[in-house]
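*Asks:* Need the 3D shape of this:
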Amino acid sequence: GEFIESLPPLLREPQPTGITIEHEQRRPARVGGVEHAAEVERVAHGHERQQLHEQVAHAGQRLPRIEIAQVHLARRRFVRGEPEARGLERQTRQLERMEADRIEGAITDLLEGDGLPAIDDLAEPRDLFHGRARAVVRPGSTQEVAAILRLCHETGTAIVPQGGNTGLVGGQVPDGSGRAIILSLHRMDRLRELDLASNTMIVEAGMTLARVQDEAEKADCLFPLSLASEGSCTIGGNLATNAGGTAVLAYGNARDLVNGLEVVLADGRILSHLSKLKKDNTGYDLRDLFIGSEGTLGIITAATLKLFPQPAAKCTAMLALSSVDNAVAVLRRARKAFDTALTGYELMAGVCLDMVNQCFPQQKLPFAEKPAWYALLEVSDSEGEEHARGMFEAMLGEAFEAGEIADAVIAENLTQSKDLWHLRESI
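*Replies:* Here you go, the predicted structure:
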């Protein structure tokens, strides 16, 4: 079942670490924080004094070790004790102010007091959404993500998780204040395990979708999620947005392709439930709470993905249709004929493919007379090419006779199939 790992303590010494922060300048930097309890003067007697020393030591222990522009930092700020007459209360307030300033001291206020310059004009692929960020943090492990989130949680600093930066609605772009920190998961791209006994693979969130597909294919398996941006988008982003893809009819959305997750919560706690079990009725299903949450509830750092058998054959066709009603009729007929072998059915307006042809003249439309609607149909068969082709042509023949299809082009090979799908992906 689910369990919460406690965040491991962070060492005081500025040792090398995988956390890196990118910024525009490369000057020596400094980190604010507490050196050690010995720097605190006597402010109270007995229990209060001991309590204060423990607080200071604890604050110093939690300061992260961060590598900035390959420069290892040393802590240069010290907490000086207050006179005894001022008492423990004022000293505690001072410590609290330091806690609130630890992001400024530990991550962003790095350039000899000038502060880290904001990264201007961060944008998404269509250049419609722009933002500014104080820094881009690239952790290399789940523990480093946890350390960053804990620090930002304690200081009230905004975090914007980012995968492949391929989203088209601006969710991965920070606001214009320049106060937020982007947490990029690109360095977390390892394949942790591939288990053919359970037909699962455990991958880290920064692995691109194309590489997930490739790793599955090496084991003669299929990971069916497929998107136009699969060469750049990451599996963490796919899960955080519950991506659909082109094979939803047969395999479902992204949430249907996951058995378990590893997530770092906003306060830095790690929720680890990388279960391989398909039948698991133990307790709450927290997995579906995080899938589709777009990083608002926690940051997905790893996932257990389901694998499927590779199909023996695929058949692809582009259909010309006169109306949406006809498109629905063809879909209903295809479901009856192919059942779960129907892996793709994409409806596209003629005006959309006309625009594709205008922007990319090298991509030729398959029909001389442009229809009002196109449909891309794909069937995956477990028996073989001949069996798949026979079913495919029989169903299309019935649809022609019923007047549901005006014209059709069937791909003769894999290259032609990819060309038809490329039209869809270019919209």
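
*Asks:* Give me the pLDDT for Glu24.
*Replies:* The model reports Glu24 with a pLDDT of 38.

*Asks:* what do you get for His130?
*Replies:* On pLDDT, His130 comes in at 84.

*Asks:* Just grab the bridge partners of it for me.
*Replies:* Legend: beta-bridge partners of His130 under DSSP bridges are Ala123.

*Asks:* burial count for it?
*Replies:* Residue neighbour count, defined by other Cβ atoms under 10 Å, stands at 15 for His130. C-beta coordinates here come from the backbone N, C-alpha and C atoms, glycine included.

*Asks:* Over to Glu294?
*Replies:* Neighbour tally, Glu294, other Cβ under 10 Å: 16.

*Asks:* Look up how far Leu423 lies from it.
*Replies:* 29 Å (Cβ to Cβ, to the nearest Å).

*Asks:* any idea where the helices of the stretch 201-350 of the chain begin and end?
*Replies:* Remark: helices assigned in the stretch 201-350 of the chain by DSSP state H, counting those that start in this stretch are 209-218, 235-240, 248-251, 287-290, 324-338, 350-359.

*Asks:* With distance to Ile181 and mean neighbour count added, can I get those helices in TSV?
*Replies:* Listed next are the helices of the stretch 201-350 of the chain as TSV, based on distance: least, Cβ to Cβ, whole Å; neighbours: other Cβ atoms under 10 Å:
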stretch	distance to Ile181	mean neighbour count
helix 209-218	25	17
helix 235-240	17	29
helix 248-251	34	18
helix 287-290	20	18
helix 324-338	45	17
helix 350-359	36	14
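
*Asks:* so which of these comes closest to Glu386?
*Replies:* Closest to Glu386 of these, according to Cβ to Cβ: helix 324-338, at 15.5 Å.

*Asks:* now that closest one, how far from the centre of its chain.
*Replies:* Centroid separation for helix 324-338 versus its chain: 34 Å, with Cα atoms, centre = their mean, to the nearest Å.

*Asks:* hmm, who's touching that helix?
*Replies:* Helix 324-338 has contacts (Cβ atoms under 8 Å, 6 or more residues apart in numbering) with 249, 319, 321, 342, 345, 347, 373, 375, 377, 379, 391, 394-395, 398-399, 402-405.

*Asks:* about what we covered before: Pro161: which of the helices of the stretch 201-350 of the chain is closest?
*Replies:* helix 235-240 (7.2 Å).

*Asks:* That closest one - contacts with which helices or strands?
*Replies:* Using 3 or more Cβ pairs under 8 Å, 6 or more residues apart in numbering; DSSP states H and E as the contact test, the elements touching helix 235-240 are strand 159-162, helix 209-218, strand 298-306.

*Asks:* one more time with 6 Å
*Replies:* Helices and strands touching helix 235-240, by 3 or more Cβ pairs under 6 Å, 6 or more residues apart in numbering; DSSP states H and E, are helix 209-218, strand 298-306.

*Asks:* Quick one: mean pLDDT over it.
*Replies:* Average pLDDT, helix 235-240: 96.

*Asks:* Restrict that helix to CA atoms and write it as PDB.
*Replies:* The C-alpha trace of helix 235-240 is given here as PDB (Å, rounded to 0.1, in the frame of the first residue of the first chain):
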ATOM      1  CA  ILE A 235       6.000  10.700 -19.600                       C
ATOM      2  CA  GLY A 236       5.700  12.800 -16.500                       C
ATOM      3  CA  GLY A 237       3.900  15.500 -18.400                       C
ATOM      4  CA  ASN A 238       1.800  12.900 -20.200                       C
ATOM      5  CA  LEU A 239       0.500  11.600 -16.900                       C
ATOM      6  CA  ALA A 240       0.200  15.000 -15.300                       C
END
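
*Asks:* how far does that helix sit from the chain's center?
*Replies:* Put simply, helix 235-240 sits 4 Å off its chain's centre (Cα atoms, centre = their mean).

*Asks:* which residues touch it?
*Replies:* Helix 235-240 is contacted by residues 163-164, 185, 203, 205, 207, 209, 212, 254, 291, 294-295, 300, 303 when judged by Cβ atoms under 6 Å, 6 or more residues apart in numbering.

*Asks:* could the residues you listed go into JSON lines alongside distance to Cys221 and pLDDT?
*Replies:* Converted to JSON lines, the contacts of helix 235-240 look like this (distance: Cβ to Cβ, whole Å; pLDDT from 0 to 100):
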{"residue": "Gly163", "distance to Cys221": "23", "pLDDT": "90"}
{"residue": "Gly164", "distance to Cys221": "23", "pLDDT": "89"}
{"residue": "Leu185", "distance to Cys221": "24", "pLDDT": "93"}
{"residue": "Val203", "distance to Cys221": "13", "pLDDT": "98"}
{"residue": "Ala205", "distance to Cys221": "20", "pLDDT": "97"}
{"residue": "Met207", "distance to Cys221": "15", "pLDDT": "97"}
{"residue": "Leu209", "distance to Cys221": "15", "pLDDT": "96"}
{"residue": "Val212", "distance to Cys221": "11", "pLDDT": "97"}
{"residue": "Ala254", "distance to Cys221": "17", "pLDDT": "96"}
{"residue": "Ile291", "distance to Cys221": "21", "pLDDT": "96"}
{"residue": "Glu294", "distance to Cys221": "28", "pLDDT": "92"}
{"residue": "Gly295", "distance to Cys221": "29", "pLDDT": "90"}
{"residue": "Ile300", "distance to Cys221": "22", "pLDDT": "97"}
{"residue": "Ala303", "distance to Cys221": "16", "pLDDT": "98"}
